[in-house]
Each structure stands twice: as structure tokens, then as C-alpha cells.
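*Asks:* got a structure for you, letters missing:
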């Protein structure tokens, strides 16, 4: 088993996965659109006025108008449903989900008693939206599927398009990117064909999908389209969620200044609308942006305000993310006990909500604090759990990207198949015309020779024309087959590119731990079979935490990049340099014995010591060197343990030095 130090350092590697699950949605999205019902004009006018007042944030006056409307509605009728539905929408905007849910369930019960299928489908949709907002994804999905079946029975494309959009978001929250994309595309296609639904919502969720895949430019293009549509409708309640998601996308992409501007705009809209959920989500992105800009006191103030709102309205998952972000602020401000306590409060919600990316981020930030406090046992346990979680998420990220590519390919293939079927129908029609012409000639064969000759000439010309059309159709089919082959080749190239990206450290551009382990296993087997020399050198940047704490993480990242470039420039072909984790690097030196590896390590150390750049502080490294030296009973873990021990000795002896493991007897390597 590897020593604790390399395992812990591995967790400091940047994880190129989705930063947060897309279930972190914005408040303010209205419930399903209300279909027209036969109600009296005075009642209809009051309902429209109540909705207008609620959209402007005047809930008190909206409530007064609704009371007047309720007095005009007949008990148990569609009119009473309409009043309760508008009341539920207003409660929803205010973040009062239990009250909104009770009203919608009353609508469902009345519609079921009346046998009103359209109203039942609409109520099922509204209830499912509320359940989704509370985080109850499975019952919400069941409700949407029931509504979808009813809308399909009614052949209501408006309702089908709306429900497909919501199903797409639930599938996205569940990590099913391929099926989410298919639902959203089907909804968008129906809307482009004339179905009336909230197209800005479809663009919104497509943006969230691509943000989860870290394709931020594509995500931003969809969010921009959604925002333009919301502004065209002049509806602030639709505009605020899109601004919030744009702020989150900017935070994920590292554009913290832009994220802060968008979050402040979303916060102002949410306050004007009187939407506590909208304020909670806007303040969260506000705090994250300020944290990214290293404005720690301002970030803490925004996060504390937002956490109070999230706690008041019962948004448990959002409150957990507030606590995790506040913990990061506390850690940066030198309050480790407070940071660890906040993470401990947040972790149960992340686990129960299956929020694995947020859980992994929390683990990665907790481990250095645990080590600083001397809790090595807990730090090691967290590290082991994090390693398994990181491997799982890395595979999940790759699978999601491939699934989305496959979904896009299937959509293109379906369009090609439809086109091919249309071509085939045209060919069949041509054949039927040809057969009909033959029967006509047989029926009128008794006509005069002159007429027969004319008909034969006509048939000959028609056959040539049909043959030419068939040849053109076959040529088109061949071109389609070639296009399909090119598409398959492109898909294979993209898969290869993704596999290559998985082996590269995104910060320094050199090999990552996974690539090193794969190469090391190959060279180890070769060295053991041929009794050939093989050495490794573990390298650690001296006082790296001090650089991060005093000069910021941006300078720390520049130090790591400069160090990687310097080391790589001194290594010859066949010598692999990889980032082992955080500020630790490892060099694999096939064919080098102890003396040769020590010489190379000393050259690397001297080059780093002499590295001078105006934008960087002085850098030194400590190096531990271990060699296989022909031993046959040493396991790979043993060689790493020796190099790690040498690195520790170099650190203890004062840093900026190379410590080489002396060549032990073969028996010393037995495990």
C-alpha cells in the first residue's frame, strides 16, 4: 500500500468534472402555463390582474384581487380551479411550496371528480414542478410522465412540449445527460413547429446541460437565447433565473468578475419580485464570485445573508452549498475549526442528495486542514474515500460526454433515416406508376398499331426518365452512406481526443497520475523480466503552502506551471514527468541506476534553484530518489515507499536537496 502522503497529495489535483449538479436551480420559474378555460369575463380580468401584480412583486394587492376573484367562482368548477392555480403560482413565486402544493392538489382532486382530463394533466404538471423544486425527483418524474401520457392522449402538443422540457431537467439532475438532451430536443422541435410553450425555459435547461459538461461557450449561447426571449416578453420572473444560471456558468468558467455582475443583477430582480428563493440562489453565486476574486470578507457577508434566506424557506440542498462555500472562506481566512465544522454540517446533505461533485470538492479542501491539525487518521480515511469518488466521477464524466455525442449522432442518424424512407417512398411511387402504365397498355392492346406505337414510344421515354430518377436516387443514397461513414470516423476521433485529455494534467499540460501509473506498470514489468535498472524521483515544491497563502493561488498555479516546464525541458525522450498531485511531481527514469538517477535529480534541483522570473518568487525543490537496482522481490509500492521516505528525509534535513536511497539487499524489498 502507498504511503499516506502521495495518496493525500493526489486529492489536490484539479478535478475536471462538473463543478456542481444541475439540481441547483433558480427560483422564479412559473408553473405550467394555464390553458384557456371557459370562465366569465369579470373573473378572467381579476385573475389576469392578480398575475400581473404578482409578477411585479406586489403580493399583498395580488392577494386582495384573488379574494375578489374567489367570490365570483362557482364551487367545484373550472373557475375555482383557475383561482387556486393562480394562487398557487403566487405562493410558488414567494417560495412557499407547501401552501402552493396544497392548492394544486385541491385542483387535481376537483378535476379528477369532474373527469376533466386536460385539467388533470395540467394539475399533475404543476404538482410535479413543485416536487422537483423541493428535491423530490422520483415522485416529480412520475407526475410528469402521467401528465405526458394524458397530453399525448389529448394530442395537445403545447402540453407535450412543456412537460418534455421539465422531464429533460429531471433527467439532467439525475445525471442522464443523453436522455435529458433527447427530451429537450424533442420539446424544442415541437415548439419550432408551432407548439406554444416557454421556449426560454428549454434554452435555459439546454444551457445547464452543457454547463454540466463544461462546454461553457455552448452553454452561454443557449442561455443568451433564453434571456433574449425572456426580455422580449418583458417578464422579470423569467429573466431572473436565466441571469442566475449565467452567473453560475461564469463562475464555473472562472470569469468571476462577469459572474458577480450577473449575480448582482439577478439579486436585484429577485428582491424587486419579492422572491426569497431567487434571492438565496443569487446571493450564493454572488458569494462564489467574490470568493473567486479573493474578496473574502465581502464573500462571507453575502453568503451569510443568503444562508439565512435558504434556511428560512427550507432549501436544504442550497443551505448545504452555502455552508460548504462559507467553510472555504473560513479556511482561507485561517479559521480551520470553523471550516471543518461547516463542512461536517454540509456533508450529510451532499451524501443524501447524491451531490458527488460537491462532496469531492469538500473532501479535497478538508484534507489539508485535517493534516495541519494532526488528525492524520481522519485525513487518510477521507483521502481513501475521495480517491474512489474521484475515479467514479472521472468515469462518469467521460460516459456523459460520450452519451451526449451518441445522442447527437442518433438524432442525425434518425433524420437521415427519415430522408432515406422518403426517398424509398418516392421510388415505390415511381414503380407503381410504371406498373400502372404496363396494365394500361395491356388493357388497351387491341387499339390500332398506330396508337400502340405511340404508346410504346411514350412508355420508352417514361422508362428512361424513371431510370434516370432511380440512378439519381441511388447516387444520393451512396452519398448519404459516405456521410454516415465520415460521421462515424469523426465520432471515433472525438472519443480518442477525450481519452487523451483524461491522461493530461489540465493545469501544467504534463502527464497526470493515471497516465504515470499506466506507464510505470509497463516499465516495471519490463525491468523485472530483464533485471534492468529502473528509478523514480519524487519532487515536492518547498514551502508551497506559504506561496499560496501569501501571494494567492494564481501565483501558486504559475509556480507549478513554470516548474513543470523547467523539469520537462531537462528530460530526454523516454523519461516521463507527471504531476502526482498538488505541488508534488514524479519522474520515471527507465534504464537508470541509483547513480544516474541521483545525477539527474541533482541537475533538476539546481535548474529549479536557478530559475528566475519577475512574476514568480524564488523556487526550490526537495527530491527523493529510489532505484530498483536489479532486485526481483520488490513490489512497486515498496519503491514508492523508499522514494517517499527519501523525500521526507530531504524535507527534514532543511529542503532544497536530493536524498538518495542507498541500494539495499534484495531481501529488504520483500513485502
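*Replies:* Structure received. Please read all numbers here as calculations on a predicted model, not as lab measurements.
*Asks:* what secondary structure does residue 135 sit in?
*Replies:* coil (DSSP: H, G, I helix; E, B strand; the rest coil).
*Asks:* my guess is it meets residue 317, correct?
*Replies:* Yes. Counting by C-beta atoms under 8 Å, residue 135 does reach residue 317; the two are 5.8 Å apart. All C-beta spots, glycine's among them, are computed from the backbone N, C-alpha and C.
*Asks:* okay, these two: which has more neighbours?
*Replies:* residue 317 (20 against 17; other C-beta atoms under 10 Å).
*Asks:* Might one say that that one is in contact with residue 349?
*Replies:* Yes. At 5.9 Å, residue 317 counts as touching residue 349 under the criterion of C-beta under 8 Å.
*Asks:* per-residue confidence at the residue nearest the centre of the chain?
*Replies:* By C-alpha atoms, centre = their mean, the mean C-alpha position of the chain lies nearest to residue 212, the distance being 1.5 Å. At residue 212, the pLDDT value in this model is 80.
*Asks:* what does residue 146 give?
*Replies:* The score at residue 146 is 94. That number is its pLDDT.
*Asks:* what about it, which helix or strand?
*Replies:* Of the helices and strands defined by DSSP states H and E, residue 146 is found in helix 137-154.
*Asks:* what pLDDT does residue 500 get?
*Replies:* If you check residue 500, the pLDDT there is 69.
*Asks:* quick one: the strands in this protein?
*Replies:* Taking DSSP state E, the strands of the chain run over residues 534-541, 576-581, 584-590, 621-627, 658-660.
*Asks:* Output these as TSV; include the columns distance to residue 233, mean pLDDT and mean neighbour count.
*Replies:* Below are the strands of the chain laid out as TSV (distance: least, C-beta to C-beta, whole Å; pLDDT from 0 to 100; neighbours: other C-beta atoms under 10 Å):
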stretch	distance to residue 233	mean pLDDT	mean neighbour count
strand 534-541	54	95	26
strand 576-581	49	92	23
strand 584-590	54	95	24
strand 621-627	59	95	27
strand 658-660	67	96	23
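*Asks:* Switch those strands over to CSV; also include distance to residue 261.
*Replies:* Below are the strands of the chain laid out as CSV (distance: least, C-beta to C-beta, whole Å):
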stretch, distance to residue 261
strand 534-541, 35
strand 576-581, 34
strand 584-590, 37
strand 621-627, 40
strand 658-660, 49
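*Asks:* So for residue 597, which of those strands sits nearest?
*Replies:* strand 534-541 (3.5 Å; C-beta to C-beta).
*Asks:* low-scoring pLDDT stretches of the stretch 1-150 of the chain, where are they?
*Replies:* The stretch 1-150 of the chain contains residues with pLDDT under 70 at 1-38.
*Asks:* Then the stretch 451-600 of the chain?
*Replies:* Scanning the stretch 451-600 of the chain for pLDDT under 70 picks out the ranges 451-452, 487, 495-501.
*Asks:* how about the helices of it, start to end?
*Replies:* Counting by DSSP state H, counting those that start in this stretch, the stretch 451-600 of the chain has helices at residues 513-530, 544-551, 553-570, 594-609.
*Asks:* and the angle from the first one to strand 576-581?
*Replies:* Which is helix 513-530. With axes from the mean of the first three to the mean of the last three C-alpha atoms, to 10 degrees defining the directions, helix 513-530 sits at 130 degrees from strand 576-581.
*Asks:* try the last one
*Replies:* Helix 594-609 and strand 576-581 are oriented at 60 degrees to each other (the same axes, to 10 degrees).
*Asks:* and helix 594-609, how far out from the chain's middle?
*Replies:* Offset of helix 594-609 from its chain centre (C-alpha atoms, centre = their mean, to the nearest Å): 42 Å.
*Asks:* contact partners of it?
*Replies:* Contacts to helix 594-609, defined as C-beta atoms under 8 Å, 6 or more residues apart in numbering, come from residues 533, 535-537, 539, 563, 566-567, 570-571, 575, 587, 589, 592, 619-621, 623, 625, 627, 629, 656-658, 660-663.
*Asks:* which of the residues in that helix are buried?
*Replies:* Residues of helix 594-609 classed as buried by neighbour count (16 or more other C-beta atoms under 10 Å): 594, 597-598, 600-601, 604-605, 608.
*Asks:* Sort out which one of the residues you listed lies nearest residue 583 for me.
*Replies:* Nearest member of the buried residues of helix 594-609 to residue 583, counting by C-beta to C-beta, is residue 608, at 12.2 Å.
*Asks:* and the gap between that closest one and residue 584?
*Replies:* 14 Å (C-beta to C-beta, to the nearest Å).
*Asks:* now residue 47
*Replies:* Distance from residue 47 to residue 584, by C-beta to C-beta: 65 Å.
*Asks:* Residue 379 now?
*Replies:* As for residue 379, its distance to residue 584 is 16 Å (criterion: C-beta to C-beta).
*Asks:* my read: residue 76 touches residue 112, true?
*Replies:* No. Here residue 76 does not reach residue 112: they are 11.7 Å apart, not a contact under C-beta under 8 Å.
*Asks:* Phi, psi for residue 275 please.
*Replies:* Reported as degrees, to the nearest 10, the phi and psi values for residue 275 are phi -110, psi 100.
*Asks:* surely it meets residue 96?
*Replies:* No. Between residue 275 and residue 96 there is no contact under C-beta under 8 Å: 10.8 Å.
*Asks:* With neighbour numbers in mind, choose between these two.
*Replies:* Applying other C-beta under 10 Å to residue 275 and residue 96 shows that residue 275 carries more neighbours, namely 27 against 17.
*Asks:* Next one, pLDDT for the more buried one please.
*Replies:* The model's pLDDT for residue 275 equals 82.
*Asks:* repeat for residue 369
*Replies:* pLDDT, residue 369: 86.
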